[in-house]
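Asks: my questions concern the predicted model and sequence given below.
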Number of protein chains: 2
Amino acid sequence: MALFMTELTGTDLRKNMKEQALLQENMALAEWDQLTGMPVEGNEFRAELSSYLSGRFFQVATGAEAADLVKYFKENKEALTADEQALFDRYVKDYEEVAAIPEDEYAAFGHLTSEGQDAWTKAREANDYQIYAPALKALIETKKQFIKYWRKDEATPYDVLLNQFEPGLTVEKLDGIFDKLKQGIIDLQADLKANGTAPQADFLNRDIPVTLQREYVWDAAQRLGYDANKGRLDDTIHPFMQDLNRNDARITTRWNKNDFQMAVLGIYHEAGHGMFAQNVAEKWDYTPFNKGISMSIHESQSLFNEVMLGRSKDFWQHEYPIMQAAFEGRLDDVAFDDFYKGWMLSKPTLIRTEADPITYPLHIIIRYEIEKAIFNEDFNVADIESLWNAKYEEYLGIRPETAVEGVLQDIHWAGGDFGYFPSYALGHLYAAQFYHTLTQTFDVPALLQAGDLQPIIDWRREHVWQFGASKSPAAVLKDATGEALNPQYWLDLQRERYADVYDI
Amino acid sequence: MALFMTELTGTDLRKNMKEQALLQENMALAEWDQLTGMPVEGNEFRAELSSYLSGRFFQVATGAEAADLVKYFKENKEALTADEQALFDRYVKDYEEVAAIPEDEYAAFGHLTSEGQDAWTKAREANDYQIYAPALKALIETKKQFIKYWRKDEATPYDVLLNQFEPGLTVEKLDGIFDKLKQGIIDLQADLKANGTAPQADFLNRDIPVTLQREYVWDAAQRLGYDANKGRLDDTIHPFMQDLNRNDARITTRWNKNDFQMAVLGIYHEAGHGMFAQNVAEKWDYTPFNKGISMSIHESQSLFNEVMLGRSKDFWQHEYPIMQAAFEGRLDDVAFDDFYKGWMLSKPTLIRTEADPITYPLHIIIRYEIEKAIFNEDFNVADIESLWNAKYEEYLGIRPETAVEGVLQDIHWAGGDFGYFPSYALGHLYAAQFYHTLTQTFDVPALLQAGDLQPIIDWRREHVWQFGASKSPAAVLKDATGEALNPQYWLDLQRERYADVYDI
């Protein structure tokens, strides 16, 4: 495409988007390979390849051609179809997010994230937050500068970051949602502690050979709706789903022969991400609506599998005998009621990724409140550890004794990702609201007890998956459930389930 | 780089070569993934990605920048270091091979190869060569036209093709080598048949669980010199080695629990390719000397493992007890002499890839003679099957009864690869000549019997691997062995080994 073009068409826009999508697919493959089985000595070469690919991606997404497309179609939007106009809006958003930053500052930020991750690793080794604090401070200062470049009419600096992950989300809205959620969880926890009977869960640590776990989870993923012809299962340290395209969405897990719950719920979770990726409408192939799906909506689908189904008594009535058979007798002496209660055991943990369904959102709320303090109140970075520990004590009743089990547990900030954590909690709330709507539409308990998941799968495809990123999370939720986000559905569901499990 | 540049440096040349190398590394990863475990439905998307990558590669390798580099350094070669000058010569050769063809004809050829492979598949399904013949004819006609574009001072049209795979090789030279080889093999076969005693080899079909085979071959590959930290082992239908870079050279195999020889020799073979790739000198990273290693020399290293070592009595004296132990008693009743004789059983086969070490070159010589007839004597494509069958009967004493076990067995021609087959036979001859030189340098039988392969590995690294593609096959051979290719070493070695095995 020439710089002095006279006329452009939707085909030009699609061509540029397709090249971006192909490079992203390529980066996804290289990353998946690096994490699943690349030879250990391949690291330096892979870093070169990744750097080449991201450089090329940057060139395609922000170079002269992209600038021409943005300029031209801002003035000639009518030359695009309705779908292309929607794609163009997203294209402009992505373009301007990068183009707003002077090139040298953008490059400097890349180095800071690499230094941040390095400092984070060293701080973890020494179990000392202060080793990490200076690098974190530098990242935060740069991000504050970026916020100045990006900010338009957002009410506070932190709103700018929230918006990047969740279009339309504000501190004002989130404060209201999280306050209600926090109080509800704290009340429920207190109630369980005061009036409930904690279940026995020793059987969760029984020795189940990994080969049996693997066979069970792979079959279970397919019962949940994951298409094995469009995916594969590999072993990694940190489980993830990586979608190259809608016909190739791969999942991974880790295994512990004395903790089968980890792989079972882990695969339910990743299969949920995979099902979403496998079911985006074909028309969004090679566009940002296929690859840039909002985190909170994505997470709502993995959590739908993991929590809405994977913690449902109705679901396990059908699934437990299948798992018992797959584990070849190793759970045969555990009656269904005992199994289900043990499966649901709630216990506050210091580590977010090990949290049970009740306490998980508290981990997120703590991070949200700290991020807000950093960006809206210039909270002193050196003091984040004390703030973190105080909040864990207040909300969860437990206090980290070391930095590694506290403020150093997440890598997100070290990579410059601020404003990202709330999506995890929103995913929980969305999942519960979708589930509630489903119970109004179908006899969900009957379907689950019969192991007939197809109507639920079809509903999720129709109301969520097919849209990819073409609708905002808020619009998906509103159209599917008829109302805006309401955390009460999540609170009601958890209270109902845990009142049953804890006999109150 | 601008089109109207005034001065270029070696850095500009290296930058372009590096982008080519990175794209090749990327294509290698995508291809490896496709063949080892990509979800079955991912095919169409992968075809798009591969097509994008090869398009981009074509652009980098033959576009305006490459043209500038070629033009500039042809006139300013002294601006390059000695290494860069050698790289530039190779760069020009690769560039001109493509640039000589008008762009539309080059693109049309791409379609023909795709149609050729399609016709080949259909013809195999119907077991009917004539279904394939028209597409093959079209490919041959185009290749003949290309030869006209490429031909400089080569004596015959077929010389042009030979040269592309094996610089400096001519029909005249190859006729001499192959005639001597053919006669020697036919004589040896006749001698074995008339005077020898064929060994018992039933034990080769014993049931050896794949898990045991896998453990053994992975350890054995490392004993041969394959670095497990720079590779991995996967399962495929057609075994191969794919090197992304020298720190990441992956091998694959297929398994049959009733034919352990297949996986053992298959992995010896692929590990040989991998060892070569893992040991190219660092200075050739991201240059055509790292990725474009000549087929015959590469094959000589895989065959060195498979035939020179993998069929050596001295080698198996040390290795057999290790394999017996790995197979947990399943070969304990087979004495070493019986094992070795059975392992060496020679039997003519119709399928090239199933051939034993003696008859393998005959399969190649047949293909060579047919290719020569096609390109130098305008042999009628429709009659290739009869010619094929007649030659199998004459040289091997067996005649294909169907096209699938005859002329339709190889995919090479369907993909437009003519002149490629001879490299396989040259690989055998080179391996034997290297082996002969080694026996003049070390007490090879003693080393093999002691399982001390290190001196042999070091010799191969020093005399072959480190050079990558920076030396021609002929130069590697001459410098390492002190003389030009001499097929007598191969004939002598096989006669000596088989006279022993067949008791003559």
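Replies: Everything's here; your move.
Asks: what's in contact with the host helix or strand of residue A:250?
Replies: Using DSSP states H and E, residue A:250 sits within strand A:248-253. Strand A:248-253 has contacts (CB atoms under 8 Å, 6 or more residues apart in numbering or on different chains) with A:32, A:35-36, A:217, A:221, A:226, A:230-236, A:239-244, A:263, A:266-267, A:270-271, A:273-274, A:277-278, B:38-39, B:41-42, B:45-46. C-beta coordinates here come from the backbone N, C-alpha and C atoms, glycine included.
Asks: same deal with stretch A:9-29?
Replies: By CB under 8 Å, 6+ apart, the list of residues contacting stretch A:9-29 reads A:1, A:50, A:53-54, A:56-57, A:60-61, A:65-66, A:69, A:73, A:79-81, A:84, A:87-88, A:91, A:242-245, A:285-288, A:290-291, B:26, B:29-30, B:33, B:45, B:48-49, B:52-53.
Asks: so of the residues you listed, which ones are in strands?
Replies: Mapping the contacts of stretch A:9-29 onto strands (DSSP state E) picks out A:242-245.
Asks: which residues of the stretch 351-500 of chain A score low on pLDDT?
Replies: Applying pLDDT under 70 to the stretch 351-500 of chain A picks out no residues at all.
Asks: oh sorry, the question was meant for chain A
Replies: A:1-5.
Asks: got a list of what residue A:254 touches?
Replies: A:235-239, A:262-263, A:266.
Asks: next step: these restricted to helices.
Replies: Of the contacts of residue A:254, the ones assigned to helices by DSSP state H are A:262-263, A:266.
Asks: closest to residue B:360 out of these?
Replies: Distance to residue B:360 across those (CB to CB) is lowest for residue A:263, with 47.5 Å.
Asks: was I right to think the closest one contacts residue A:257?
Replies: No - in this structure, residue A:263 is not within contact of residue A:257 by CB atoms under 8 Å, at 9.6 Å.
Asks: mind checking which of those two has more residues around it?
Replies: Comparing residue A:263 with residue A:257 by other CB atoms under 10 Å in any protein chain shown, the one with more neighbours is residue A:263, at 22 against 15.
Asks: spell out the secondary structure type for residue A:161.
Replies: Of the three states, residue A:161 takes helix under DSSP: H, G, I helix; E, B strand; the rest coil.
Asks: apart from its chain neighbours, what residue comes closest to it?
Replies: Using CB to CB, 6 or more residues apart in numbering or on different chains and skipping residues adjacent in sequence, the residue nearest residue A:161 is residue A:419, 2.9 Å away.
Asks: give me the common contacts of residue A:263 and residue A:257.
Replies: What both residue A:263 and residue A:257 touch, as defined by CB under 8 Å, 6+ apart, is the set residue A:213.
Asks: quick one: the helices in the stretch 151-300 of chain A?
Replies: A:157-165, A:171-195, A:210-224, A:260-278, A:288-291, A:295-303 (DSSP state H, counting those that start in this stretch).
Asks: what's the answer for the stretch 301-450 of chain A, then?
Replies: Applying DSSP H, counting those that start in this stretch to the stretch 301-450 of chain A gives helices spanning A:313-326, A:336-344, A:360-377, A:384-396, A:422-441, A:444-449.
Asks: so for chain B, which of the ones you listed sits nearest?
Replies: Ranking the helices of the stretch 301-450 of chain A by proximity to chain B (CB to the nearest CB) places helix A:313-326 first, at 21.2 Å.
Asks: can you pull the buried residues of that closest one?
Replies: A:313, A:315-320, A:323-324, A:326 (16 or more other CB atoms under 10 Å in any protein chain shown).
Asks: who does it touch, helix- and strand-wise?
Replies: helix A:210-224, helix A:336-344, helix A:444-449 (3 or more CB pairs under 8 Å, 6 or more residues apart in numbering or on different chains; DSSP states H and E).
Asks: what's in contact with it?
Replies: So helix A:313-326 is contacted by A:212, A:215-216, A:219-220, A:223, A:264, A:309, A:331-332, A:336, A:339-340, A:343, A:444-445, A:448-451, A:497, A:500 (CB under 8 Å, 6+ apart).
Asks: and the closest residue to chain B within the stretch 401-504 of chain A, what does it touch?
Replies: Closest residue of the stretch 401-504 of chain A to chain B, CB to the nearest CB: residue A:468 (15.2 Å). The contact partners of residue A:468, by CB under 8 Å, 6+ apart, come to A:280-281, A:284, A:289-290, A:293.
Asks: taking the residues you listed, please make a ChimeraX selection of just the buried ones.
Replies: This is how ChimeraX selects the buried members of the contacts of residue A:468, with burial counted by 16+ other CB under 10 Å:
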select /A:280,284,289,290,293
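Asks: chain B: which of the contacts of residue A:468 is nearest?
Replies: residue A:290 (10.8 Å).
Asks: ok, that closest one touching residue A:470?
Replies: No - counting by CB under 8 Å, no contact exists between residue A:290 and residue A:470, whose distance comes to 9.1 Å.
Asks: how many neighbouring residues does the residue nearest to residue A:161 have?
Replies: 23.
Asks: who are the neighbours in contact with it?
Replies: Residue A:419 makes contact with A:158, A:160-162, A:164-165, A:371, according to CB under 8 Å, 6+ apart.
Asks: switch the cut-off to 6 Å
Replies: Taking CB atoms under 6 Å, 6 or more residues apart in numbering or on different chains, we find residue A:419 in contact with A:161-162, A:165.
Asks: distance of it relative to residue A:155?
Replies: Taking CB to CB, to the nearest Å as the measure, residue A:419 falls 14 Å from residue A:155.
Asks: likewise for residue A:417?
Replies: 22 Å.
Asks: do residue A:475 as well
Replies: From residue A:475 to residue A:155 the distance is 21 Å (CB to CB).
Asks: without its sequence neighbours, what residue ends up closest to the residue nearest the centre of chain A?
Replies: For chain A, the residue nearest the mean C-alpha position is residue A:299 (4.2 Å; CA atoms, centre = their mean). Setting aside the residues directly before and after it, residue A:299 is nearest to residue A:427 in space (CB to CB, 6+ apart), at 2.7 Å.
Asks: now swap in residue A:437 and tell me
Replies: For residue A:437, ignoring the flanking residues on the chain, the nearest one in space by CB to CB, 6+ apart is residue A:481 at 4.4 Å.
Asks: ok, now how distant is the residue of the stretch 201-350 of chain A found nearest chain B from residue A:34?
Replies: Nearest residue of the stretch 201-350 of chain A to chain B: residue A:248, at 3.7 Å (CB to the nearest CB). Here residue A:248 is placed at a distance of 17 Å from residue A:34 (CB to CB).
Asks: quick one, which of these two is more surrounded?
Replies: The neighbour count for residue A:248 versus residue A:34, taken as other CB under 10 Å, is higher for residue A:248 (28 against 15).
Asks: care to break chain A down by domain?
Replies: Listed domain ranges for chain A are A:1-99, A:103-139, A:151-504 (source: automatic domain parsing).
Asks: and the last one, end to end?
Replies: Across domain A:151-504, the straight-line distance between its terminal residues is 49 Å, by CA to CA, to the nearest Å.
Asks: that one: how far from the chain's middle?
Replies: Its chain's C-alpha centre and that of domain A:151-504 lie 8 Å apart, by CA atoms, centre = their mean, to the nearest Å.
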